[in-house]
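*Asks:* heads up, no residue letters with this:
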């Protein structure tokens, strides 16, 4: 296969060749961490559980060849699926990719296995600033950062003129029926809260209620549609939507393939996130899982991953590696200037009250879309687990 490292970024078609695998599972309470399944010696397969289109097929094949194993890449469309499936059958997964808030939740629910840093020496390559900022896992005891970015707004430049660089455009009557929102409760609430002038992580009852009503009005009246990250891209590419909430790397990728697509970090700031690797508590291939995380944290591998996906890498060694070209590092939407970064916010669940409030509000929002109630089970389980860190 053609090398990843070329003068320009790979086209969208290459990444869209990834096979989507649907995940299903019922929910049950997790057992205690002491009952975790131990590693099966000589494991010949690794199950990777992550967002779709988030890994280079070439690099996965390189790992397979190096260790003489196979990688089963399973994908999820939203983080609710992750918790349902980890609680139902944690042994079915080995390496999981989770965002900050989800990592904290997974630790509280004791769904993760502590890392053996002696088996992940490349953790030394991670920028120390990410260790200091990782409030969900400061010592990287359970996780190793993979990519980071922002959630921003992408739009069709060919049909949208003089767009306001604000989250308010998602709620503007001007674009009614042509707006797409990520089907992620915390991202949607963050946008609504910021439009209302509130903290993205607010847990004030009146503010959360106001955000809920704003979102219900938006999706209930058909002014906006909800979808996965892949659907956000398709909606914009096909012209089904003119405005879309989107992850920074996805926006940059489709903008590279079409001069009609632009994107921006809203003037009010954006949500900032870090996606990290973790190992399922019940993984049957623990040693192999450590090998995979260490492999992905190698300077060259991290640089090539960042280059293909067009997401920012937290790997300091990768930033100085020739495999990461100057165009990526110079893109200020991918690597925002400090003044912009300071306005970006990591999403947090804050406390049990906020978890319950977000789930209750999101239940109402999704009911407007589907006409049926959405389970609040995950939120209630977080509360049952307490606010400990699972250590």
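*Replies:* Structure's in. What do you need? Remember, it's a predicted structure, so these values are computed and weren't measured experimentally.
*Asks:* Residue 343 and residue 337: what is the separation?
*Replies:* 10 Å (C-beta to C-beta, to the nearest Å). Any C-beta I mention is one placed from the backbone N, CA and C, and that applies to glycine too.
*Asks:* ok, now which ones touch the residue positioned nearest the centre of the chain?
*Replies:* Among the residues of the chain, the one closest to the centroid is residue 99, at 5.1 Å (C-alpha atoms, centre = their mean). Neighbour list for residue 99: 79, 273-276, 347 [criterion: C-beta atoms under 8 Å, 6 or more residues apart in numbering].
*Asks:* more neighbours, residue 343 and residue 337?
*Replies:* Each of residue 343 and residue 337 has its neighbours counted (other C-beta atoms under 10 Å); residue 343 has more, 14 against 8.
*Asks:* Surely the more buried one is in contact with residue 271?
*Replies:* No - assessed by C-beta atoms under 8 Å, residue 343 is found out of contact with residue 271, at 10.9 Å.
*Asks:* The stretch 101-250 of the chain: strands as residue ranges?
*Replies:* 112-113, 144-156, 179-182, 224-227, 243-247 (DSSP state E, counting those that start in this stretch).
*Asks:* For residue 59, which of those is the nearest?
*Replies:* Residue 59 lies closest, by C-beta to C-beta, to one member of the strands of the stretch 101-250 of the chain: strand 144-156, at 12.1 Å.
*Asks:* which other helices and strands contact the closest one?
*Replies:* Based on contacts counted as 3 or more C-beta pairs under 8 Å, 6 or more residues apart in numbering; DSSP states H and E, the elements that strand 144-156 packs against are helix 229-238, strand 243-247, helix 248-257, strand 261-264, strand 271-280, helix 286-296, helix 299-309.
*Asks:* change it to 7 Å
*Replies:* When contacts are defined as 3 or more C-beta pairs under 7 Å, 6 or more residues apart in numbering; DSSP states H and E, strand 144-156 packs onto strand 243-247, helix 248-257, strand 261-264, strand 271-280.
*Asks:* for that strand, what is the average pLDDT?
*Replies:* For strand 144-156, the mean pLDDT works out to 95.
*Asks:* Which helix runs longest in this protein?
*Replies:* Longest helix of the chain, by residue count under DSSP state H: helix 352-370.
*Asks:* Summarise which helices and strands that one is packed against.
*Replies:* helix 185-195, helix 205-220, helix 377-385.
*Asks:* just for the stretch 251-391 of the chain, where's the confidence low?
*Replies:* For the stretch 251-391 of the chain, the stretches with pLDDT under 70 are 350, 370-391.
*Asks:* ok, now with 90
*Replies:* The model of the stretch 251-391 of the chain has pLDDT under 90 over residues 252-253, 256-257, 269, 308-310, 320, 325-355, 367-391.
*Asks:* Just want to check the distance between the closest residue to residue 116 other than its chain neighbours and residue 114.
*Replies:* Take residue 116 and drop its neighbours on the chain: the residue closest to it by C-beta to C-beta, 6 or more residues apart in numbering is residue 290, 6.2 Å away. Distance, residue 290 to residue 114, using C-beta to C-beta: 11 Å.
*Asks:* what do you get for residue 88?
*Replies:* Per C-beta to C-beta, residue 88 is found 22 Å from residue 114.
*Asks:* Same question for residue 358.
*Replies:* From residue 358 over to residue 114 the distance is 28 Å, taken as C-beta to C-beta.
*Asks:* One more: residue 157?
*Replies:* Look at residue 157 and residue 114: by C-beta to C-beta, they are 47 Å apart.
*Asks:* Equivalent analysis for residue 217, please.
*Replies:* Look at residue 217 and residue 114: by C-beta to C-beta, they are 45 Å apart.
*Asks:* thinking again about what came up before, if we compare the helices and strands packed on helix 352-370, which one ends up closest to residue 263?
*Replies:* Of the helices and strands packed on helix 352-370, nearest to residue 263 by C-beta to C-beta is helix 185-195, at 14.8 Å.
*Asks:* what's the angle from the closest one to strand 243-247?
*Replies:* For helix 185-195 against strand 243-247, the angle between stretch directions is 120 degrees (axes from the mean of the first three to the mean of the last three C-alpha atoms, to 10 degrees).
*Asks:* got the angle between helix 185-195 and helix 205-220?
*Replies:* Helix 185-195 runs at 110 degrees relative to helix 205-220, counting by the same axes, to 10 degrees.
*Asks:* Pop the domain breakdown of this protein in here.
*Replies:* Domains of the chain are assigned by automatic domain parsing as 12-148+274-332, 149-271+347-385.
*Asks:* circling back to that earlier point, which of residue 290 and residue 114 has more neighbours?
*Replies:* Taking other C-beta under 10 Å, residue 290 and residue 114 do not tie; residue 290 has more neighbours (24 against 15).
*Asks:* Can you tell me how far that one is from residue 112?
*Replies:* Distance of residue 290 to residue 112, computed by C-beta to C-beta: 13 Å.
*Asks:* what's the spacing between residue 306 and residue 237?
*Replies:* Look at residue 306 and residue 237: by C-beta to C-beta, they are 23 Å apart.
*Asks:* and those two? which has more neighbours close in?
*Replies:* Remark: of residue 306 and residue 237, residue 306 carries more neighbours, 28 against 17, as counted by other C-beta under 10 Å.
*Asks:* Could you pull up the residues touching the more buried one?
*Replies:* With contacts defined as C-beta atoms under 7 Å, 6 or more residues apart in numbering, residue 306 is in contact with 312-313, 318, 324, 328.
*Asks:* hmm, 10 Å instead?
*Replies:* Applying C-beta atoms under 10 Å, 6 or more residues apart in numbering to residue 306 gives the contacts 56, 146-148, 249, 312-315, 318-319, 321, 323-325, 328-329, 334.
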